[in-house]
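1. Quick one, fold the following:
(chains A and B)
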Amino acid sequence: MKAHLTDLLFSIVKKMTPEMAQSQIIIERPKSIDHGDLSSNIALVMAKALKKSPREVAQDIVEQIPPTESFSKIEIAGAGFLNFYFSPKTHNEIINHALEKHTDYGRNNRGGHEKIQIEFVSANPTGPLHVGHGRGAAIGDCLARLFEFSGWDVTREFYYNDAGAQIDNLTTSIKSRCMNISPEDPAFPADGYRGEYIQDIANAYLQKSTIQSNSGTVLSAADIADDDAIKNYGVHYLRKEQDQDLAAFKIHFDVYSLESSFYEAGKIEDVITILKNKGYTYEKDGALWLKTTSFGDDKDRVMQKSDGAFTYFVPDIAYHLNKWERGFKRVINEQGADHHSTVNRVKAGLQGLDKGIPADWPEYVLHQMITVMKNGQEVKISKRAGSYVTLRDLIDEVGCDATRYFLVARRADSQLVFDIDLAKSQNSDNPVYYIQYAYARIQRVLIQWGGDFNSLRSIEEYRYETLIEKKLIKKIEEFPEIIETATKELAPHQIANFLKECAADLHGYYNDTKFLVDNNNEKNGRLSLIYATQHIIKNGLNLLGISAPDSM
RNA sequence: GCGCCCGUAGCUCAGCUGGAUAGAGUACUUGGCUUCGAACCAAGUGGUCAGGAGUUCGAAUCUCUUCGGGCGCGCCA
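-> Residues are numbered from 1 along each chain as shown, chains lettered A, B, ... in the order given. Purely as a prediction, here's the structure:
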């Protein structure tokens, strides 16, 4: 409908000012239904060039619009806006289109089956997942769902940093606990992890418990002297914990990539060799440096430490080269904003490899930090200090659906306050229940009606004339575009906001109008409208990974 | 000090590729169930869109600047 109107206006505008481009025709959806279903500011834009008042230009345009069945009214308003109102015929078409598409309503094929990889969570196997990881999980998974719905071939991927200094810290921490050295003890590693979960791992290790995870079975050696055995055991223990938490959050990954695998395959050395050959490295102070300043960084960075070990971003470069070689022309990395310094380094490294990788590849979605409030106080999250709000705690306390909603309903680049007491106490007052209730209410009405849902069609004999009906139809018409925009802008929170508005309109309609009336035309018209509304709520909730129960 | 993000109602947040009286939830004040589930609805109170300057027909939105908050600036990840 919007595209149709764009073409229509362009054909007229072009005659008046030939230099206008189609891209300058902007059709908006007015915030208020009082301003129509669609509107254009084109007259205001053209007024200056034509040396006429915007309202005069608007009048000229309106006079040239051929008779159309799509709009019942076209008016000039305000400073010179053109407002278009859908006709009854258009109302029918919108509703019937949504009913026909059903679970596919809103789906598009922008992606054309192209491959896209979305990497998210990627928590180090050094502790349980916390709220911050939960935010990344919710955002990343919703992005993946949006891209799938937009015709992309999506790979969800999790990258484990299972090598390097942090893992060594984990190992020494477990080892110390095995030897009954508590975190308060001066002998405990200074950079060690102090959470109680370390003791759990140590106990399991000493008791020779085996771990069964996605990646296989790991037997405990129960040998305190064997660092490699402790490391292997600890990493697998925590990976299993994380896998369970993610499963409880209804998130799955297609591919798990291990940092250690790039070491084992010699990929780190390969990257170093290429960068050396391309002349982007130099030695200083006994270390090997990468000239990241050649690619916009403010200082060069160490790649290989004086002790011979590589810094963290070198495996990252190898990993991203691997992504590129696997054929992903589009890659999105969802991470916490505390990692944003890695973005430049990885991109600099990729450019230095000179493999034809575009400078803006990969794309990043960085979510800001979460402040957790409990009992009116801020809870400081520190893995090493052992103070925690785990993702599992949240899921257990407020439920998977509500947790997902809270974590995805905000823009990624704004900090969010997660008030645990509020989320817990809200039970019946939670936005997610508000939306689910709208869905369930429709379901109850349809069941009570008892007809064949799939036979419902909007018919010409019933005209949607009330304000609330027009608002709902406008929402239905808008839904596919909301999905396109949220996908394009990598902004899943827009879906959450949209759903809340839909639910509000539906509840308003429900309270205002009785659906199961004697008049068949009225009944049919109203039921088709709420059934179509149910489709967009269901499809929208699916995109957020939130359930749509028939009754609550 | 430098870089990135943010600052909108008492609180939590939308709106930001410039548009029409700045929205929602919550809190507070009222009213609505013998009628499809009241986990709902309707009405009201509440704003110098952090401050200032600029760009223009028009700025919460773009530019500059000041102030305030978060994150980063490691041979940690």
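
2. all contacts plus neighbour counts: C-alpha atoms, from now on.
-> Will do.

3. same for the biggest helix by length in chain A, what does it pack against?
-> Secondary structure of chain A per DSSP state H: the longest helix is helix A:520-544. Under the contact criterion of 3 or more CA pairs under 8 Å, 6 or more residues apart in numbering; DSSP states H and E, the helices and strands touching helix A:520-544 comprise helix A:88-101, helix A:131-149, helix A:400-408, helix A:431-449, helix A:467-488, helix A:493-512.

4. and the fourth one, what other elements does it pack with?
-> Spelled out, that is helix A:431-449. Helix A:431-449 sits against helix A:400-408, helix A:493-512, helix A:520-544, with contacts defined as 3+ CA pairs under 8 Å, 6+ apart.

5. mean confidence score for the last one?
-> Which is helix A:520-544. On average, the pLDDT along helix A:520-544 is 97.

6. What residues of that helix count as buried?
-> Using 16 or more other CA atoms under 10 Å as the burial criterion, the residues of helix A:520-544 that qualify are A:521-544.

7. before we move on, the earlier item: how far off centre is the longest helix of chain A?
-> Remark: helix A:520-544 is offset 25 Å from the chain centroid, using CA atoms, centre = their mean, to the nearest Å.

8. is RNA strand B contacted by it?
-> No: judged by CA under 7 Å from any atom of the strand, helix A:520-544 and RNA strand B are separated, with a smallest distance of 8.7 Å.

9. now the angle from that helix to helix A:493-512?
-> Orientation of helix A:520-544 against helix A:493-512 (axes from the mean of the first three to the mean of the last three CA atoms, to 10 degrees) gives an angle of 150 degrees.

10. what angle sits between helix A:520-544 and helix A:467-488?
-> Orientation note: helix A:520-544 sits at an angle of 20 degrees relative to helix A:467-488 (the same axes, to 10 degrees).

11. Now stretch A:350-359: buried residues?
-> Of all the residues in stretch A:350-359, those buried under the rule 16+ other CA under 10 Å are A:L350, A:Q351, A:G352, A:L353, A:I357.

12. Secondary structure, distance to A:D401 and pLDDT for these - can I get that in CSV?
-> Formatted as CSV, the buried residues of stretch A:350-359 follow (DSSP: H, G, I helix; E, B strand; the rest coil; distance: CA to CA, whole Å; pLDDT from 0 to 100):
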residue, secondary structure, distance to A:D401, pLDDT
A:L350, helix, 38, 96
A:Q351, helix, 41, 95
A:G352, helix, 44, 95
A:L353, helix, 43, 95
A:I357, coil, 39, 95
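
13. Now distance to A:Q64 too, for those, in CSV please.
-> Putting the buried residues of stretch A:350-359 into CSV (distance: CA to CA, whole Å) gives the following:
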residue, distance to A:Q64
A:L350, 55
A:Q351, 54
A:G352, 57
A:L353, 58
A:I357, 50
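
14. quick one, helices of the stretch 51-200 of chain A?
-> Counting by DSSP state H, counting those that start in this stretch, the stretch 51-200 of chain A has helices at residues A:54-64, A:88-101, A:131-149, A:165-178, A:197-206.

15. Briefly note if the worst-scoring helix or strand of chain A on mean pLDDT comes near RNA strand B.
-> Ranked by mean pLDDT, DSSP states H and E, the weakest helix or strand in chain A is helix A:420-426, scoring a mean of 74. No: Helix A:420-426 stays out of contact with RNA strand B when judged by CA under 7 Å from any atom of the strand, the minimum separation being 8.4 Å.

16. could you dump that helix to CSV, C-alpha only?
-> Listed next in CSV are the C-alpha coordinates belonging to helix A:420-426 (Å, rounded to 0.1, in the frame of the first residue of the first chain):
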residue,chain,number,x,y,z
ILE,A,420,14.8,-8.0,40.3
ASP,A,421,12.2,-7.3,43.0
LEU,A,422,10.1,-5.4,40.4
ALA,A,423,10.4,-8.2,37.8
LYS,A,424,9.5,-10.8,40.4
SER,A,425,6.6,-8.9,42.0
GLN,A,426,5.2,-7.9,38.7
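
17. which other helices and strands contact that helix?
-> Using 3+ CA pairs under 8 Å, 6+ apart, the elements in contact with helix A:420-426 are strand A:370-374, helix A:391-398.

18. Give me the number of neighbouring residues for the residue in the stretch 351-500 of chain A that RNA strand B sits nearest to.
-> Using CA to the nearest atom of the strand, the point where the stretch 351-500 of chain A gets nearest to RNA strand B is A:L416, with a distance of 3.0 Å. Burial of A:L416 is recorded as 19 neighbouring residues (other CA atoms under 10 Å).

19. Contacts only, for the closest residue to it other than its chain neighbours.
-> Once its chain neighbours are removed from consideration, A:L416 has its nearest residue in A:I370; the separation is 5.1 Å (CA to CA, 6 or more residues apart in numbering). Taking CA atoms under 8 Å, 6 or more residues apart in numbering as the definition of contact, the neighbours of A:I370 are A:V131, A:G132, A:Q415, A:L416, A:V417, A:F418.

20. Go ahead and confirm the second one touches A:Q335.
-> No: taking CA atoms under 8 Å as the contact criterion, A:G132 and A:Q335 are not neighbours in contact, 9.4 Å apart.

21. Out of the helices and strands packed on helix A:520-544, flag the one nearest A:P30.
-> With CA to CA as the criterion, A:P30 lies closest to helix A:467-488 of these, at 10.4 Å.

22. What parts of the stretch 451-552 of chain A come near RNA strand B?
-> If contact is defined as CA under 7 Å from any atom of the strand, the residues of the stretch 451-552 of chain A in contact with RNA strand B are A:494, A:497, A:500, A:504, A:507-516, A:550-552.

23. Need the buried ones from those selected in ChimeraX.
-> If you want just the buried ones from those in ChimeraX, going by 16+ other CA under 10 Å, the selection is:
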select /A:494,500,504,507,509,510,515,516
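
24. Quick one: name the residues of the stretch 51-200 of chain A near RNA strand B.
-> Applying CA under 7 Å from any atom of the strand, we find that the stretch 51-200 of chain A lies next to RNA strand B at A:A77, A:G78, A:A79, A:F81, A:L82, A:N83, A:N124, A:N161, A:G164, A:A165, A:Q166.

25. Now restrict the residues you listed to buried residues only.
-> Applying a neighbour-count criterion of 16+ other CA under 10 Å, the buried members of these are A:F81, A:L82, A:N83, A:N124, A:N161, A:Q166.

26. now those residues as JSON lines including pLDDT?
-> Conversion of these to JSON lines gives the following (pLDDT from 0 to 100):
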{"residue": "A:F81", "pLDDT": "91"}
{"residue": "A:L82", "pLDDT": "93"}
{"residue": "A:N83", "pLDDT": "93"}
{"residue": "A:N124", "pLDDT": "93"}
{"residue": "A:N161", "pLDDT": "92"}
{"residue": "A:Q166", "pLDDT": "91"}
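
27. Sitting in strands, which of those do you find?
-> Among these, the members falling in strands are A:F81, A:L82, A:N83 (criterion: DSSP state E).

28. tell me which of those is nearest to RNA strand B?
-> The closest of these to RNA strand B turns out to be A:F81 (CA to the nearest atom of the strand; 4.8 Å).

29. partner residues bridging that closest one?
-> On the basis of DSSP bridges, A:F81 takes part in beta bridges with A:A77.

30. what about it, distance to A:L516?
-> For A:F81, the distance to A:L516 under the criterion CA to CA, to the nearest Å works out to 39 Å.

31. likewise A:I251?
-> Distance of A:I251 to A:L516, computed by CA to CA: 40 Å.

32. Could you do A:S32 as well?
-> Taken as CA to CA, the span from A:S32 to A:L516 is 29 Å.

33. ditto for A:R326
-> Relative to A:L516, A:R326 is positioned 56 Å away (criterion: CA to CA).

34. How about A:E283?
-> When CA to CA is the yardstick, A:E283 and A:L516 sit 80 Å from each other.

35. so who does the nearest residue in space to A:I181 that is not next to it in sequence touch?
-> If you skip the residues right next to it in sequence, A:I181 has A:F188 as its closest partner in space, 6.2 Å away by CA to CA, 6+ apart. Counting by CA under 8 Å, 6+ apart, A:F188 touches A:S173, A:S176, A:I181, A:S182.

36. now A:D226
-> Applying CA under 8 Å, 6+ apart, no residues contact A:D226.
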